[in-house]
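Asks: coordinates only, sequence not included:
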Ligand SMILES: Nc1ncnc2c1ncn2[C@@H]1O[C@H](COP(=O)(O)OP(=O)(O)OP(=O)(O)O)[C@@H](O)[C@H]1O
Ligand SMILES: [Mg+2]
């Protein structure tokens, strides 16, 4: 910091010149040493007993100096300072967009123009507040700016210097440069960049460059907290405001301009419009950044109504309404997970400018290895199979003192290895540990009991009350020992195939794991399960106590926890460099949510794994949430896309994911995912099967199988009352199997997969108004009819999808109803079968499902749900 080069006397002199009391200045320097900024912070924070806080111009924090250059300002000049154009602080003032002054031509400025502009163009047009009138600042202040400009640094060099000084990075990335250039040109900007790419710096640097305040709208208190803490370590003062902020003093200080960056949740920013207008007039607001902006969109995976109301920012902070502004305060909206539909919705609903700059980078994360494994994910039996590798890594290896993690053979099943795919749950009770004592995270075990929670899912909003005891973070001197990203060893997209394959052979580095589960109850049961095996694990969901959540966050960031088992409440924006593994245990609700959460892994650029364990033999269902009809449709669509991602066996997973977000995947494959590594399954010619299924569908709907009008009624069954109703796929398959023994070995699961493949080719389509996760009421399309007619002799090559492979792996030949019936009808066979079952069966555990005295049994999941429902009634 500049102050570090001054002597104590010089610092005291500067403080007095700024208007602070002599005694306060002396006391502050005594306390913090000859560090100017720290001394000012010390006085402003009121730490100095008799200093009475700030001088007469106390609404300006030390950061104003950054904007005003190295020369010391007179107190008068400071007192008169006011909102000015962002470019006043740089060598180039630029040609304004959306200026309220009609004399100024509305020429849009491209980022390249700004970069190319010579230093001579600099003309500081600083304005000040004087009884509400606009006036130019005194000459001496302008000179001061010019001198700053004369140092010969353009804004990019200054940004790089600040980046180096505060964060330890050498230069801004090209997408960050583009976003900053748009901001400098007073343009609104939508930044779409991969998770972990560094979007936060796009809005943090403006606070450092200008000395004005940056307001960041963020959806989660925990996220704001993390970012503020990080900024304070980098020497940048920040605070967060929201329902979780217990200290009202922080809000007042923030509105007086005492923090460089203010994080605020959407509800709060809506409440603070007036004070923020005051702040814009006094210290100045450089930018409104709307982080995780996909929350704005109803079509996104995490819609929050309050985000939609943020259009008030454009209405209330434009140059037309606020006389002291020369330009509208720019909006910068950022996200890593927005489909094309969501992007359009964001621009519209935030009322962003027509000339909004869209900065987009690849969504591809080249160091993430995506895998999908089949698991029922429902009980301790599944845990045993699926978490044995994790336990091996964290607990057993720790005992052996091994440094590197190894991968044991007992990991969960890949699709081809899966040994079971039963649709019947034999144990839907939660596994709970019987031992008492504390978890590895030091939390009381009683907190992790089933009684503590209802089996409910989390929605994000509930986490906004995450209470924190403190919410202001004054910039400290940046740490010298910050974690560098280890960029030399990172995998980037341009690495050669050989290099990336070589990295794949390496075991994963050490680092924590996050397990995402759909329900709160599962966070507990899995965390307990892992703790029992000696893993340092903790549960995280919105219903746990705030102190617990705080502690989990802290321990996770301090590398004291090995595994966090969480609902979606623990996710967005979490920036911990060394997370090595993200496990989704159960179907996510959308690919957006999946990719967002997976994006917590490998932020140091090193290899990391993202494993989805899901019951591939089951169609996932929507988790309960309040949704309008439209939202329900959209939710089904998103779940369906996610289901299809899991079923895919032939296309690179990373390609699937980035193409989902509308990006053309420029690499053929990622080389890391399970599909790339294991290769697709053997391709099969399923022409016969596809034909018969489509003919049965066509015949039922009275659609001619042949476009020339000739009608083949071999498969027609229009008289069957069962099929007179809307026939579903299951009925078609039953009919098909009844008619042809040849296909009996293939079960419903297999046909379900084939129907999806045929749908994917466009030959059949969903005939229901509702959206289903899997095609349910198939109807032929014209393309399908053409296929039946003209491509009779053509093969129909298919890569069997996950459910088809599972079905075939069962090796259970289909037993027709007739066979089954015959067997049971014969008393001798029946006797033998019953006897065999009796001998093989273990004594049945009594299942305490019956209600006691007519009341639901709250010891079971079903009972608790019934009790809840009856309460609602
Ligand atoms: N120019 C840079 N050079 C090197 N590292 C950088 C640079 N910019 C940002 N980073 C680092 O990248 C990491 C991720 O940054 P950040 O949290 O802003 O990601 P993000 O894009 O917001 O991700 P998410 O979408 O998950 O929130 C941080 O640790 C940050 O310090
Ligand atoms: Mg972020």
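Replies: It's in. Since we're looking at a predicted model, the values are computed, not measured. Ligands and ions are numbered 1, 2, ... in the order given.

Asks: now do the buried residues in the longest helix along the chain.
Replies: If you go by DSSP state H, the chain has its longest helix at helix 629-647. Neighbour counts over helix 629-647 (16 or more other CB atoms under 10 Å) mark 634-636, 638-647 as buried. Quick note: C-beta positions are derived from backbone N, CA and C, even for glycine.

Asks: what are the ranges of the strands in the stretch 201-350 of the chain?
Replies: Here the stretch 201-350 of the chain has its strands, by DSSP state E, counting those that start in this stretch, at 213-217, 238-241, 261-264, 285-290, 331-335.

Asks: ignore what I typed, I meant the stretch 501-650 of the chain.
Replies: Going by DSSP E, counting those that start in this stretch, the stretch 501-650 of the chain shows strands at 513-516, 537-540, 563-566, 581-585, 608-614.

Asks: okay, those in TSV with mean neighbour count, mean pLDDT and distance to residue 365 next?
Replies: Below are those laid out as TSV (neighbours: other CB atoms under 10 Å; pLDDT from 0 to 100; distance: least, CB to CB, whole Å):
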stretch	mean neighbour count	mean pLDDT	distance to residue 365
strand 513-516	26	97	15
strand 537-540	31	96	23
strand 563-566	28	96	20
strand 581-585	24	97	11
strand 608-614	25	97	9
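
Asks: out of those, nearest to ligand 1?
Replies: Ranking those by proximity to ligand 1 (CB to the nearest ligand atom) places strand 581-585 first, at 11.8 Å.

Asks: which strands or helices does that closest one pack on?
Replies: strand 513-516, helix 591-598, strand 608-614 (3 or more CB pairs under 8 Å, 6 or more residues apart in numbering; DSSP states H and E).

Asks: closest to residue 174 out of those?
Replies: Closest to residue 174 of the helices and strands packed on strand 581-585 is helix 591-598 (CB to CB; 22.2 Å).

Asks: so who does the residue of the stretch 701-850 of the chain found nearest ligand 2 touch?
Replies: Nearest residue of the stretch 701-850 of the chain to ligand 2: residue 773, at 29.9 Å (CB to the ion). Residue 773 is in contact with 619-621, 636, 639-640, 643, counting by CB atoms under 8 Å, 6 or more residues apart in numbering.

Asks: quick check, nearest of those residues to ligand 2?
Replies: residue 639 (24.9 Å).

Asks: any idea how far the closest residue to residue 635 other than its chain neighbours lies from residue 639?
Replies: Excluding its sequence neighbours, the residue lying closest to residue 635 (CB to CB, 6 or more residues apart in numbering) is residue 622, at 5.5 Å. From residue 622 across to residue 639, the span is 6 Å (CB to CB, to the nearest Å).

Asks: quick one, domains of the protein?
Replies: 3-81, 112-360, 368-461+508-678, 684-809 (automatic domain parsing).

Asks: got a list of what residue 572 touches?
Replies: Counting by CB under 8 Å, 6+ apart, residue 572 has contacts 219-220, 223, 292, 302, 460, 596.

Asks: okay, who's weakest in those residues by pLDDT?
Replies: pLDDT is lowest at residue 460 among the contacts of residue 572; the value there is 46.

Asks: enumerate the residues of the stretch 301-450 of the chain near ligand 1.
Replies: Within reach of ligand 1 by CB under 6 Å from any ligand atom, the stretch 301-450 of the chain has these residues: residue 336.

Asks: which part of this protein gets nearest to ligand 1, residue-wise?
Replies: For the chain, CB to the nearest ligand atom, closest residue to ligand 1: residue 198, 2.6 Å.

Asks: residue 382 in helix, strand or coil?
Replies: helix (DSSP: H, G, I helix; E, B strand; the rest coil).

Asks: wait, it sits on residue 375?
Replies: Yes: contact criterion CB atoms under 8 Å: residue 382 and residue 375 qualify, at 5.3 Å.

Asks: contacts only, for the residue of the stretch 351-500 of the chain found nearest ligand 2.
Replies: Closest residue of the stretch 351-500 of the chain to ligand 2, CB to the ion: residue 361 (13.3 Å). By CB under 8 Å, 6+ apart, the contact list for residue 361 reads 175, 192-194, 197.

Asks: residue 335: which of the contacts of residue 572 is nearest?
Replies: For the contacts of residue 572, the closest approach to residue 335 (CB to CB) belongs to residue 292, at 5.9 Å.

Asks: and residue 379, how many neighbours?
Replies: For residue 379, the number of neighbouring residues by other CB atoms under 10 Å comes to 16.

Asks: let me fix that: residue 728
Replies: The local packing of residue 728 (other CB under 10 Å) involves 17 other residues.

Asks: which residues touch it?
Replies: 776-777.

Asks: show residues contacting stretch 690-697.
Replies: So stretch 690-697 is contacted by 703, 705, 712, 714-715, 732-733, 735-736, 739-740, 743, 751, 754-755, 758, 763-764, 778-780, 784, 787-788, 792, 796, 798 (CB under 8 Å, 6+ apart).

Asks: can you turn the buried part of those residues into a PyMOL selection?
Replies: In PyMOL syntax, the buried subset of these is picked out as below (16+ other CB under 10 Å):
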select buried, resi 703+705+715+732+733+735+736+743+751+754+755+758+763+764+778+779+780+784+787+788+796+798
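
Asks: of residue 382 and residue 375, which one has the most company?
Replies: Neighbour totals were compared for residue 382 and residue 375, and residue 375 leads with 22 against 19 (other CB under 10 Å).

Asks: my read: the more buried one touches residue 617, true?
Replies: No: Residue 375 lies out of contact with residue 617 (CB under 8 Å); the separation is 10.4 Å.

Asks: tell me if stretch 201-220 is near ligand 2.
Replies: No: if you take CB under 5 Å from the ion as the test, stretch 201-220 misses ligand 2, and the best it gets is 8.6 Å.
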